[in-house]
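Novice: let's see this in three dimensions:
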Amino acid sequence: MNVKPTGYLEFDIAEISKSLGISKEDTQLYFTDGRRISFLIERRAIEKIPNSQLAPSEGAGYDLIDSRGGHWEVRSLTRGGIYFCPSYMVGSGRSFDEKGFFEKLNDIEGYFITDITQFPVMPYWILKETIIRKWWNSDNLGATTKISKTKFLDLIEEQKEEI
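Specialist: Numbering: from 1, shown residues only. Sure thing, here's the model as predicted:
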């Protein structure tokens, strides 16, 4: 498989470890946890989507606003995979709602997806919402839009001419 990403986010693990006063191993562990790294990835994504800015609040239904006012969602590809439904549908006691998923797709331009498992040099993909919609319509996302890392990379490989 030869999956070519849109680009890479690079971090200096030695400098981060030193400045935080923790081991490189703990730094690696911390920066490959999607709950912890998402804040930083959102801020690094701004440099990769020219003239973009952060959403006005953490509670917005998107993470970034591009130069034309379009909304973008930032997601992490983890060892456990990735999901494309709204965050409020993920977690204990929460459930998937197809209508809410399509409302999300209708509101965003696409996703900025980073493979955080590759920290400190993490590939990222910028995918239009039309690609995610196509994956859903072809039954590639499963019942809740969560797919494995392998499945994501396979789908990217199949889509590479459209990315």
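Novice: rest of the way, CA atoms for contacts and neighbours
Specialist: Fine.
Novice: for Ile41, grab phi and psi.
Specialist: The phi/psi pair for Ile41 (degrees, to the nearest 10) reads phi -60, psi -40.
Novice: how close does it sit to Phe119?
Specialist: 11 Å (Cα to Cα, to the nearest Å).
Novice: hmm, who's touching the helix or strand harbouring Trp72?
Specialist: Assessed by DSSP states H and E, Trp72 sits inside strand 71-77. With contact meaning Cα atoms under 8 Å, 6 or more residues apart in numbering, strand 71-77 is reached by 34, 38, 41-42, 45, 62-66, 82, 107-117, 149.
Novice: filter those to the buried ones?
Specialist: Buried subset of those (neighbour count, 16 or more other Cα atoms under 10 Å): 34, 38, 41-42, 45, 62-66, 82, 108-117, 149.
Novice: filter those residues down to the ones in helices?
Specialist: The members of these that map onto helices under DSSP state H are 34, 38, 41-42, 45, 149.
Novice: could these go into CSV alongside pLDDT and distance to Thr27?
Specialist: Below are those laid out as CSV (pLDDT from 0 to 100; distance: Cα to Cα, whole Å):
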residue, pLDDT, distance to Thr27
Gly34, 86, 13
Ser38, 90, 15
Ile41, 95, 15
Glu42, 95, 18
Ala45, 95, 20
Lys149, 96, 22
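Novice: between those, which is nearest Ile126?
Specialist: Taking Cα to Cα as the measure, Ile126 lies nearest Ala45 of these, at 9.8 Å.
Novice: in space, what's closest to the closest one - neighbours in sequence excluded?
Specialist: In this structure, Ala45 finds its nearest non-sequential neighbour in Phe112, 7.3 Å apart by Cα to Cα, 6 or more residues apart in numbering.
Novice: so how far is Glu42 from that neighbour?
Specialist: From Phe112 across to Glu42, the span is 9 Å (Cα to Cα).
Novice: same question, Lys134
Specialist: Remark: distance between Lys134 and Glu42 (Cα to Cα) = 25 Å.
Novice: likewise for Lys146?
Specialist: Noted for Lys146: a distance of 20 Å to Glu42, by Cα to Cα.
Novice: over to Ser23?
Specialist: Relative to Glu42, and taking Cα to Cα, Ser23 is found at 24 Å.
Novice: list the helices and strands the helix or strand hosting Asp26 packs on?
Specialist: Per DSSP H and E: Asp26 is located in helix 24-31. Judged by 3 or more Cα pairs under 8 Å, 6 or more residues apart in numbering; DSSP states H and E, helix 24-31 is in contact with helix 13-20, helix 34-48.
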